[in-house]
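>>> sequence first, predicted model second:
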Amino acid sequence: MLRLSERLAAIADYVREGETIADIGTDHGLLPIFLLQQKRSPKVILSDIREGPLRKAEENLVIYAPGIEADLRLGSGLETLKNSEVDVVIIAGMGGHMICDIMAANPEKTRSFPKFILQPRTAQDKLRMWLYENGYAITHELLVRERNKICEIIVVDTTLRRERIQNENQLKTKLFDLEFEISPLLFSNGDPLLKEWIEYKIKTEEEIIESIRTKGSKASLSKLNNHEQRLKKLKELHKRCLFS
């Protein structure tokens with residue numbers, strides 16, 4: 001039986017029994033193959049922009065799910081899918097900016113899939129802001145460990161219409177409170193990795209501030225106040241985490 005990493009297993013947990021899925025940027029294809037093995041998904045589409053990963057995914061299908069059919073497609077983003085073709089679209093292991101580009105390329109098609117499970121490697125705050133500004137509802141968030149890193153999983157329900165941003169003050173408040181960087185859902189769910197995640201961010205910010213103070217240029221010194229304000233807010237969130 002195929003065993004997934006903690007990151008991929010956590011993503012798989014958000015797929016309900018009977019949901020059809022498309023894995024965009026499938027790479028080795030282990031996640032959709034696992035869902036086939038478990039008979040959780042009756043239909044999976046493995047999509048990648050490169051031929052190499054698709055060949056590897058095809059090899060893994062033979063090894064881990066012999067005799068089980070899967071749909072392998074070569075192409076970019078959601079271009080390989082028809083509107084409403086699957087219940088869940090998974091985009092994992094890409095940068096946040098790239099995920100935004102994929103979802104923004106064809107808004108009608110994007111909205112036709114009821115659920116997205118996203119796992120951005122970078123620019124997680126930019127992805128959340130884009131989702132917020134475009135009226136997408138984030139329903140679940142989870143932190144999961146992968147070796148020495150903490151990864152973020154974001155679940156979006158496109159059938160729920162969140163009110164779009166009404167004014168710049170709303171956006172500024174959320175930016176000041178770091179809500180796009182550290183989701184309020186992680187607090188409300190009592191995520192077990194949240195304290196460690198904030199501590200990592202505090203340490204990073206302290207190192208940046210120390211570097212600016214000791215050997216910073218005039219340009220970097222002008223940003224010192226912003227970093228100090230960020231550090232102050234992170235410490236407030238850390239206290240909230242301790243007492244929640």
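Looks like it arrived, so ask away. Numbering: from 1, shown residues only.
>>> okay, and the helix or strand of the chain with the least pLDDT?
Least confident element among the helices and strands of the chain, by mean pLDDT, DSSP states H and E: helix 218-221 (a mean of 73).
>>> state the next helix or strand along the chain beyond that helix.
helix 224-243 (DSSP states H and E).
>>> from the contact counts, what lies against that next one?
For helix 224-243, the packing partners by 3 or more CB pairs under 8 Å, 6 or more residues apart in numbering; DSSP states H and E come out as helix 194-215. C-beta: built from backbone N, CA, C; applies to glycine.
>>> mind exporting the least confident helix or strand of the chain as CSV, just the C-alpha atoms?
Taking C-alpha atoms only, helix 218-221 is exported to CSV below (Å, rounded to 0.1, in the frame of the first residue of the first chain):
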residue,chain,number,x,y,z
LYS,A,218,20.5,53.7,4.2
ALA,A,219,17.8,52.0,2.1
SER,A,220,17.4,49.2,4.5
LEU,A,221,17.4,51.5,7.5
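>>> average pLDDT across the strand or helix carrying Leu31?
Per DSSP H and E, Leu31 falls inside helix 30-37. Taken as a whole, helix 30-37 has a mean pLDDT of 96.
>>> C-alpha coordinates for that helix, CSV please?
This file holds the C-alpha atoms of helix 30-37, laid out as CSV (Å, rounded to 0.1, in the frame of the first residue of the first chain):
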residue,chain,number,x,y,z
LEU,A,30,1.4,9.8,-5.7
LEU,A,31,-1.5,11.7,-4.3
PRO,A,32,-4.1,10.9,-6.9
ILE,A,33,-2.8,7.3,-7.1
PHE,A,34,-3.3,7.0,-3.3
LEU,A,35,-6.9,8.3,-3.7
LEU,A,36,-7.5,5.7,-6.3
GLN,A,37,-6.0,2.9,-4.2
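>>> hey, which strand is longest across this protein?
Secondary structure of the chain per DSSP state E: the longest strand is strand 149-161.
>>> report the inter-axis angle for it versus helix 194-215.
Angle between the axes of strand 149-161 and helix 194-215 is 120 degrees (criterion: axes from the mean of the first three to the mean of the last three CA atoms, to 10 degrees).
>>> quick one: mean pLDDT for stretch 2-14?
Mean pLDDT, computed over stretch 2-14, is 95.
>>> now that stretch: buried residues?
Residues of stretch 2-14 classed as buried by neighbour count (16 or more other CB atoms under 10 Å): Leu2, Leu4, Arg7, Leu8, Ala10, Ile11, Ala12, Tyr14.
>>> the second one touches Leu30, doesn't it?
Yes - with contact taken as CB atoms under 8 Å, Leu4 and Leu30 are classed as touching, separated by 6.3 Å.
>>> Ala22: helix or strand, and which one exactly?
Element membership for Ala22, per DSSP H and E: strand 21-24.
>>> what helices or strands is that strand leaning on?
helix 30-37, strand 44-48, strand 88-94.
>>> centre of the chain to that strand, how far?
Its chain's C-alpha centre and that of strand 21-24 lie 14 Å apart, by CA atoms, centre = their mean, to the nearest Å.
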